[in-house]
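S.K.: Below is the structure, and that's it, no one-letter string:
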């Protein structure tokens, strides 16, 4: 076999492996969302895939590893959204408003609420679920926000009244608010049609605490 043909064969094989890997994650995500972490087994995922158990185990050595991969994939998409929202060269207020709006819409979506319910419901019985979710999701996101805020503190755009990680937690807490809990508990349906207005209000409060000579955004009075 020529070198070019061998390379093409390897390329096809790697493509099939990637496709199979993604198919496993798709099925596993659906199983975890429908049945929870404790209620999902590797055998059930294998059966849903329609393949042998050996195939699944050749990609993932444990349910914990598979769950971490599912969370990682979902968190990666959100991390990309965060990074694109928090542009260092963009106006600080506009960047924070864009971040808050996207964050609110994400956690208020039907999928976001479903994931939160699973994590909250399973963490007591399986602490590794909460740890995996926090490390791959909220913990990583808070570091991104904290780094962004630190850069603007260094530029003199924000006051250092507390450490950046505490400032990031304050911002995220305001985005979560009481409405998120009402959705998690099923009192209100998922969704955030007023996310843009709420985001402006949140940033006004944030700037009132940490801003340097920042005037409130008039849209927050709506």
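M.R.: That came through, no problem. What you see is a predicted model, and the numbers here were worked out from it, not measured in a lab.

S.K.: what's the span of stretch 33-48 from first residue to last?
M.R.: Chord length of stretch 33-48, first to last residue, is 14 Å (Cα to Cα, to the nearest Å).

S.K.: What are the buried residues along that stretch?
M.R.: The neighbour-count check on stretch 33-48 (16 or more other Cβ atoms under 10 Å) flags 36, 37, 40, 42, 45, 46, 48 as buried. For glycine as for every other residue, the C-beta is placed from the backbone atoms N, C-alpha and C.

S.K.: Now do the first one, the pLDDT please.
M.R.: Right, residue 36. Residue 36 carries a pLDDT value of 83.

S.K.: List the residues that contact it.
M.R.: Neighbour list for residue 36: 118, 121, 122 [criterion: Cβ atoms under 8 Å, 6 or more residues apart in numbering].

S.K.: just for this structure, where's the confidence low?
M.R.: Residues of the chain meeting the criterion pLDDT under 70: 1-10, 213-222.

S.K.: what are the ranges of the strands in it?
M.R.: With DSSP state E as the criterion, the chain has no strands.

S.K.: Same question for whichever helix in it runs longest: list its buried residues.
M.R.: Longest helix of the chain, by residue count under DSSP state H: helix 3-35. By 16+ other Cβ under 10 Å, the buried positions in helix 3-35 come out as 20, 24, 25, 27, 28, 29, 31, 32.

S.K.: Identify, from those residues, the entry nearest to residue 207.
M.R.: Of all the buried residues of helix 3-35, residue 207 sits closest to residue 29, with 37.9 Å by Cβ to Cβ.

S.K.: So that closest one versus residue 21, what's the distance?
M.R.: 13 Å (Cβ to Cβ, to the nearest Å).

S.K.: just residue 38 next, same as before
M.R.: Distance from residue 38 to residue 21, counting by Cβ to Cβ: 24 Å.

S.K.: same check, this time on residue 50
M.R.: Between residue 50 and residue 21 the distance is 16 Å, computed by Cβ to Cβ.

S.K.: Now do the contacts for the residue most central in space within the chain.
M.R.: Centroid check for the chain by Cα atoms, centre = their mean gives residue 75 as the closest residue, at 3.9 Å. Contact analysis of residue 75 by Cβ under 8 Å, 6+ apart lists 136, 137, 140, 141.

S.K.: Let me see the contact set for the first one.
M.R.: Contacts for residue 136 were tallied using Cβ under 8 Å, 6+ apart; they are 68, 71, 72, 75.

S.K.: burial count for the residue lying closest to residue 176 once chain neighbours are set aside?
M.R.: With Cβ to Cβ, 6 or more residues apart in numbering as the criterion, residue 176 has its nearest non-adjacent residue at 6.7 Å, and that residue is residue 107. When neighbours are counted by other Cβ atoms under 10 Å, residue 107 registers 24.

S.K.: quick one: residue 107 and residue 181 touch, right?
M.R.: No - look at residue 107 against residue 181 with Cβ atoms under 8 Å: they stay out of range, at 10.9 Å.

S.K.: and which of the buried residues of stretch 33-48 is nearest residue 151?
M.R.: Nearest to residue 151 out of the buried residues of stretch 33-48 is residue 37 (Cβ to Cβ; 36.7 Å).
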